[in-house]
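# Structure here, sequence nowhere to be found:
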Ligand SMILES: NC(=O)C1=CN([C@@H]2O[C@H](COP(=O)(O)OP(=O)(O)OC[C@H]3O[C@@H](n4cnc5c(N)ncnc54)[C@H](O)[C@@H]3O)[C@@H](O)[C@H]2O)[C@H](O)CC1
Ligand SMILES: [K+]
């Protein structure tokens, strides 16, 4: 699903009006109708609804919605914030439509003195500002937002919480943003919904289709996309009758150290559960029996060191190499990594301490083979790319890094972001807080190695890997719950996740 900027959404809106064609007031009616349907199914009448309305079309949506709710026996009070004399034509027309209705109460607010008391059982509809917001809130709208936030009422934001910018909130006044319980976004999610610091404003969000023109949605370019099952499924390569294990590639996993052999086991098992033909896991000598016992399907390559990674096997047979899970940052591992990077020609997955080593020796980035994938979490990302004060800026840095170095950079977390060398950033919707657990990242590295070895190109391997990993975690959490979920559970649910993805 494409994610557009506020400016693009206005263009898509205008294109729809011209080419469907549909009048803008009818398009507004359609949008309000979708929100209305959502409210009656989630909060059936009778309920008290207080609708706060701003000067633009977001306010117009609120006014049309108020009429529909009043008509269905909700106790509706509408508060029009008189912020400016200007009010959009569509908002004005919808204001006229309700001005003489006796099924609702209409108030004009010129100061915070006329702010009503908000009760716990009230539904507050936030229709003050939408995607047309151009600067942080001040004066009356700021005061109203603070009062809404101070209440216990259920808050439903139309399109986007008022005060939140669709993309960049690095310079926003955070006290002037509605904290919604639900955000009902029209047709597309906003980029800001995918950033962790905005979760407290957005609450639970849902996209409501309003029939914007498919042609412009198709042709309008965007750098941001939210993965869907259909899209990820379309990337899968079919398996054929006469295929053999050679068809699905031989991968090399460099993993494990003294006290961290579990990482090698988890990554190996995940790789084997994701379709790889052959897997060799290179480990320090002490791990030999552990590996052979725990993962009989994997071949083992033994380091001369008992406890760390210091060398690697002949690379000629491998289609992809992953390095990082459970290795250490010891000096000899660093030296081995320099040699490895000089020699390796196939795409690599670089995870955990392998990222930290490159973070400490940035010149090594230039040695990376084409099509390599970095899989940092936030702390590793900061060591590799640099620090930033907010997620939007971090995302810009991430996209820039991927482009500059010609590789895929995945930032792990809720809505894992995968930035590709050509500039697109994909966000992954699968996964849950139960996956914030030891070994979860090792499993992901194993999955991506497997996909690269099978011949998937790097950004596709990253996309399928992230989606599948989250999906397995989601399916596992249904049975074991988020608290009890372990990395091994993610592996155990990979078979179900594959079946679910291919359905
Ligand atoms: N997605 C769609 O295609 C549809 C969206 N609809 C709704 O329309 C809004 C966007 O409407 P717009 O009029 O462009 O913007 P706003 O309602 O957000 O109002 C902006 C309005 O306010 C002025 N302004 C901006 N910032 C401030 C500020 N900080 N303080 C005071 N005033 C400010 C600005 O100049 C404008 O005049 C979208 O979110 C949907 O809810 C359609 O109804 C259906 C199609
Ligand atoms: K809003």
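Received, thanks. Computed from a predicted model, the values in this text were never measured in an experiment. Ligands and ions are numbered 1, 2, ... in the order given.
# Remind me which helix or strand the nearest residue to residue 433 once chain neighbours are set aside belongs to.
Closest residue to residue 433 apart from its sequence neighbours, by Cβ to Cβ, 6 or more residues apart in numbering: residue 482 at 5.5 Å. (Each C-beta comes from the backbone N, C-alpha and C, glycine too.) Residue 482 is part of helix 458-484, with elements assigned from DSSP states H and E.
# can you pull the contacts of the residue nearest to residue 433?
432-434 (Cβ atoms under 8 Å, 6 or more residues apart in numbering).
# who wins for most neighbours among those?
residue 434 (20 neighbours; other Cβ atoms under 10 Å).
# residue in the stretch 301-450 of the chain nearest to ligand 1?
Closest residue of the stretch 301-450 of the chain to ligand 1, Cβ to the nearest ligand atom: residue 392 (18.3 Å).
# Just confirm that residue contacts residue 171, I think it does.
No - Residue 392 lies out of contact with residue 171 (Cβ atoms under 8 Å); the separation is 10.2 Å.
# So if I had to pick from these two, which one is more boxed in?
Between residue 392 and residue 171, counted using other Cβ under 10 Å, residue 392 has the larger neighbour count: 20 against 9.
# which SSE is the more buried one in?
helix 391-405.
# just how off-centre is the helix or strand following that helix within its chain?
Sequence order places strand 408-411 as the next helix or strand after helix 391-405, per DSSP H and E. Put simply, strand 408-411 sits 12 Å off its chain's centre (Cα atoms, centre = their mean, to the nearest Å).
# so which of the contacts of residue 482 are also by ligand 1?
Among these, proximity to ligand 1 is found for none (Cβ under 6 Å from any ligand atom).
# Please flag which of those sit within helices.
In helices, judged by DSSP state H, none of the contacts of residue 482 are found.
# Just give me the closest of these to residue 149.
Of all the contacts of residue 482, residue 433 has the smallest distance to residue 149: 24.3 Å, by Cβ to Cβ.
# follow-up on the earlier one: I'd like the distance between the residue nearest to residue 433 and residue 285.
Computed as Cβ to Cβ, to the nearest Å, the residue 482 to residue 285 distance reads 38 Å.
# If we ignore the residues flanking it in sequence, what's nearest the residue in the stretch 151-300 of the chain that ligand 1 sits nearest to?
As assessed by Cβ to the nearest ligand atom, ligand 1 sits closest to residue 159 within the stretch 151-300 of the chain, at 3.7 Å. Spatial nearest neighbour of residue 159, chain neighbours left out: residue 130 (4.2 Å); criterion: Cβ to Cβ, 6+ apart.
# Do any residues in stretch 90-97 lie close to ligand 1?
No - applying Cβ under 6 Å from any ligand atom, one finds stretch 90-97 separated from ligand 1 by no less than 6.6 Å.
# What are the buried residues along that stretch?
90-91, 93-95 (16 or more other Cβ atoms under 10 Å).
# same check, this time on stretch 127-142
127-133, 136-137, 140-142.
# One more: stretch 112-119?
115-116, 118.
# now do stretch 313-321
Judged by neighbour count (16+ other Cβ under 10 Å), stretch 313-321 contains these buried residues: 318-321.
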